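J.: Below is the structure, and that's it, no one-letter string:
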Ligand SMILES: Nc1ncnc2c1ncn2[C@@H]1O[C@H](COP(=O)(O)OP(=O)(O)O)[C@@H](O)[C@H]1O
Ligand SMILES: [Mg+2]
């Protein structure tokens, strides 16, 4: 069963008498045990979608099902089984870390909440700031408290909206491990947004690309990267690069740069073209002193989609 199902979801806002569509009829499903990524430029509608799914704002139209139920009609059945964490989530500034977590433990009706809070404080390395008021926390500490809040009730449906913003690389890596372990050890589904592509690639089973309120494509990172067929190759040769340039042009390869001993060219990943071109270069006896092949990354795809290409 899909743990999250969304059909034709629409949300418009009106501001100063003008209507704008933030979410424009999107449909997707997140399967049990899946980490599903939401990617898209600022203002694409990711947070608005999550806010509708978590009941924070009302949809205009469409259908939402969480764990098989429509939350609007069965709020009591689903509310304690989901949770959300975002770096922008307003925790109470005047309460300490521990007090904030206690409040959420009560909201979610967590049994053995003391043990659960201890466990989360250990997990997110918050021992030192446990008794500190949230207003005094660094942004990274704040983010970790928000993550602890998101896991307090061991949700089966977890929404993580830019939840790693502000973390240093070490903590961000630990957090990804916590998320992966949590997903593995619990019967749950995660909807994950982030602007860090490597993070999305590492964590997500599938990715939905959103732009202007619409989902443009849903696929695995692997398949998305295949959408761009060009590899960029940089070669430094021992001799002057003019001969190499000629060879590449004879092979119908697009040469972007050729000066002194360096050549940069683009070659498609289809039909073993890259392999064939490299083979030819070696066969002709060119002596390479450096070789760098840049394959398309999720960043390249993101930029293309964000620019409407
Ligand atoms: N409460 C609101 N009132 C008016 N416009 C809003 C409101 N919330 C979001 N928006 C607009 O909806 C669009 C989508 O925003 P959002 O879902 O936050 O995007 P994302 O999370 O993908 O960056 C943006 O243009 C944003 O300005
Ligand atoms: Mg957002």
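T.: Arrived safely, thanks for sending. None of these values were measured; they are calculated from a predicted model. Numbers count the residues shown, from 1 in each chain. Ligands and ions are numbered 1, 2, ... in the order given.
J.: can you give me the helices for the stretch 1-150 of the chain?
T.: 46-53, 75-78, 97-107, 113-123, 139-151 (DSSP state H, counting those that start in this stretch).
J.: For ligand 1, find the nearest of these.
T.: Closest of these to ligand 1 is helix 46-53, at 3.2 Å (criterion: CB to the nearest ligand atom). All C-beta atoms are positioned from the backbone trio N, CA, C, and that covers glycine.
J.: For the closest one, which outside residues touch it?
T.: With CB atoms under 8 Å, 6 or more residues apart in numbering as the test, helix 46-53 has contacts from 4, 6, 9, 11, 22-23, 26, 38, 40, 57-59, 64, 66, 71, 84, 86, 159, 161, 191, 193, 210.
J.: who touches the residue lying closest to residue 188 once chain neighbours are set aside in this structure?
T.: Excluding the flanking residues, the one nearest residue 188 by CB to CB, 6 or more residues apart in numbering is residue 156, at 4.7 Å. Counting by CB under 8 Å, 6+ apart, residue 156 touches 3, 67, 81, 82, 186, 187, 188, 189.
J.: For this structure, what lies in contact range of ligand 2?
T.: Contact residues, the chain versus ligand 2 (CB under 5 Å from the ion): 46, 47.
J.: and stretch 199-217, which residues are buried?
T.: Buried residues in stretch 199-217, defined by neighbour count with 16 or more other CB atoms under 10 Å: 199-201, 203-211, 213, 215.
J.: Show me how to select, in ChimeraX, the buried members of the contacts of helix 46-53.
T.: The ChimeraX selection below is limited to those of the contacts of helix 46-53 classed as buried (16+ other CB under 10 Å):
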select :4,6,9,11,22,23,26,38,40,59,64,66,71,84,86,159,161,191,193,210
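J.: and the residue nearest to residue 188, how far is that from residue 209?
T.: For residue 156, the distance to residue 209 equals 26 Å [CB to CB, to the nearest Å].
J.: sorry, back to before: could you list which of the buried residues of stretch 199-217 belong to strands?
T.: Among the buried residues of stretch 199-217, DSSP state E puts 206, 207, 208, 209, 210, 211, 215 in strands.
J.: For the fourth one, give its distance to residue 303.
T.: Using CB to CB, we find residue 209 at a distance of 12 Å from residue 303.
J.: for the fifth one, same thing?
T.: Relative to residue 303, residue 210 is positioned 15 Å away (criterion: CB to CB).
J.: rewinding a little: mind putting the buried residues of stretch 199-217 into CSV with pLDDT?
T.: Shown next, in CSV, are the buried residues of stretch 199-217 (pLDDT from 0 to 100):
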residue, pLDDT
199, 92
200, 93
201, 92
203, 95
204, 96
205, 96
206, 97
207, 96
208, 96
209, 93
210, 94
211, 92
213, 96
215, 95
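J.: got the helices of the stretch 1-150 of the chain as TSV, with mean pLDDT and distance to ligand 1 columns?
T.: Output for those, formatted as TSV (pLDDT from 0 to 100; distance: least, CB to the nearest ligand atom, whole Å):
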stretch	mean pLDDT	distance to ligand 1
helix 46-53	96	3
helix 75-78	92	21
helix 97-107	97	23
helix 113-123	96	26
helix 139-151	93	16
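J.: With mean neighbour count as added columns, please give those in JSON lines.
T.: As requested, the helices of the stretch 1-150 of the chain are exported to JSON lines (neighbours: other CB atoms under 10 Å):
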{"stretch": "helix 46-53", "mean neighbour count": "22"}
{"stretch": "helix 75-78", "mean neighbour count": "14"}
{"stretch": "helix 97-107", "mean neighbour count": "19"}
{"stretch": "helix 113-123", "mean neighbour count": "16"}
{"stretch": "helix 139-151", "mean neighbour count": "23"}
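J.: now, which of the contacts of residue 156 lie within strands?
T.: 3, 82, 189.
J.: I'd guessed residue 176 sits against residue 201; true?
T.: No. With contact defined as CB atoms under 8 Å, residue 176 does not count as touching residue 201 (11.0 Å).
J.: So, low pLDDT: which residues of the chain?
T.: 309 (pLDDT under 70).
J.: Any idea how many residues pack against residue 242?
T.: 14 (other CB atoms under 10 Å).
J.: gap between it and residue 262?
T.: Relative to residue 262, and taking CB to CB, residue 242 is found at 11 Å.
J.: same thing with residue 204?
T.: For residue 204, the distance to residue 262 - CB to CB - is 37 Å.
J.: Likewise for residue 87?
T.: 42 Å.
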